[in-house]
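Participant: sequence and predicted structure are below.
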Amino acid sequence: MKTKLTKLLDKPYLVWSVLFIVVPLIMVAYYSFTDRSGNFSLTAISQIPSYIPTILLSVLYGLAATVICLVIGYPFAYIFSKFTLNRQRTIMLLVMLPMWMNFLIRTYSWMTILGDTGIINTVLTSLGLEPVKLLNTGGAVILGMVYNFLPYMILPIYSVISKMDNSLIEAAQDLGSSRFQVMKRVVLPLSVPGILSGVTMVFVPCVSTFYITQKLGGGQIVLIGDVIETQFQSANNYNLGAALSFVLMILILICLGVMNYFGADDDNGGGVVI
């Protein structure tokens, strides 16, 4: 009876997966290897090498934003995991609060902050300093990525650290380990699953983003997401757009495979470093 009930409950999920995961992937593969007439063709695939610099630039920007999110998010998650439970809930609410706002509004807000007549340049001008070009730069794009995706780094790391067994830390301290040694040999190895989850959740949307680059990059920074969006929306070249999406999907799957590989190693043999 329980098995039949489980199978019955699984069916809606299977239908959802087929309609919104499997079918779109099949459509991407179909358009990638056909032409406008629907005939088999490698024309779209053959154009991919000309976009390799754009793909590499996208990966570079994604890595930069991910590293910055990790550098900011890990200490933040570790520090507020040591607070009392009520304070942790309050800080968790503050971390998640920006995510309740529309993604477009969050990005537009940075346009008003970084613009030539924005808040920062207005303050600089009032102090008698020259305004600085902040908008439509690579730094603005990375800032937008970090701001929008930082919570996805903080939350999984906090979730792992908050559930960490404090007896391991106390044992290391009793054995004469300093705070740095405890962090290096106990806390950091045990928090690797949260780090891997955070890196994955930040890197994947950073590589494929296009709206942030359009608004904060002003067309000066073109990533692979922008090219794909242009092919579908403006050029009506679904075949090339699908081919680039197919390559991006493979790239993301490789990244996820690498993350899962290191995560599996951590689950099997990782842990506290003696």
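Facilitator: Thanks, I have the structure now. Since this is a predicted model, take the numbers as computed values, not measurements. Numbers count the residues shown, from 1 in each chain.
Participant: now Phe40: phi and psi?
Facilitator: phi -60, psi 130 (degrees, to the nearest 10).
Participant: Ala235 in helix, strand or coil?
Facilitator: coil (DSSP: H, G, I helix; E, B strand; the rest coil).
Participant: oh, I was asking about Gly218
Facilitator: coil.
Participant: what's near enough to touch it?
Facilitator: Listed by Cβ atoms under 8 Å, 6 or more residues apart in numbering, the contact set of Gly218 reads 135-136. Where C-beta positions appear, they are placed from N, C-alpha and C, glycine not excepted.
Participant: any idea how far it is from Val146?
Facilitator: 18 Å (Cβ to Cβ, to the nearest Å).
Participant: lowest-confidence helix or strand of this structure?
Facilitator: Least confident element among the helices and strands of the chain, by mean pLDDT, DSSP states H and E: helix 2-17 (a mean of 71).
Participant: next, the buried residues of whichever helix or strand comes after that one.
Facilitator: The helix or strand immediately downstream of helix 2-17 is helix 23-32, counting by DSSP states H and E. The neighbour-count check on helix 23-32 (16 or more other Cβ atoms under 10 Å) flags 28, 31-32 as buried.
Participant: can I get helix 23-32 as CSV, trimmed to CA atoms?
Facilitator: Only the C-alpha atoms of helix 23-32 are listed here, as CSV (Å, rounded to 0.1, in the frame of the first residue of the first chain):
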residue,chain,number,x,y,z
VAL,A,23,11.1,18.5,-23.3
PRO,A,24,13.0,21.8,-23.3
LEU,A,25,16.3,20.0,-23.4
ILE,A,26,15.1,18.0,-26.4
MET,A,27,14.0,21.2,-28.1
VAL,A,28,17.4,22.8,-27.5
ALA,A,29,19.1,19.8,-29.0
TYR,A,30,16.7,19.7,-32.0
TYR,A,31,17.2,23.4,-32.9
SER,A,32,21.0,23.1,-32.4
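Participant: and for it, what are the contacting residues?
Facilitator: Residues from elsewhere that reach helix 23-32, judged by Cβ under 8 Å, 6+ apart: 44-45, 238-239, 241-243, 245-246, 249.
Participant: ok, 7 Å please
Facilitator: 44-45, 238-239, 242-243, 245-246, 249 (Cβ atoms under 7 Å, 6 or more residues apart in numbering).
Participant: quick one: mean pLDDT over it.
Facilitator: In this model, helix 23-32 has a mean pLDDT of 91.
Participant: and that helix, how far from the chain's centre?
Facilitator: In terms of Cα atoms, centre = their mean, to the nearest Å, the centre of helix 23-32 is found 24 Å from the chain centre.
Participant: do the same with stretch 203-211
Facilitator: Using Cα atoms, centre = their mean, the offset of stretch 203-211 from its chain centre is 7 Å.
Participant: circling back to that earlier point, of the contacts of helix 23-32, which is the most crowded?
Facilitator: Among the contacts of helix 23-32, the one with the most neighbours (other Cβ atoms under 10 Å) is Ala243, at 26 neighbours.
Participant: wait, what's in contact with it?
Facilitator: Counting by Cβ under 7 Å, 6+ apart, Ala243 has contacts 32, 44-45, 48.
Participant: nice, that's everything, thank you.
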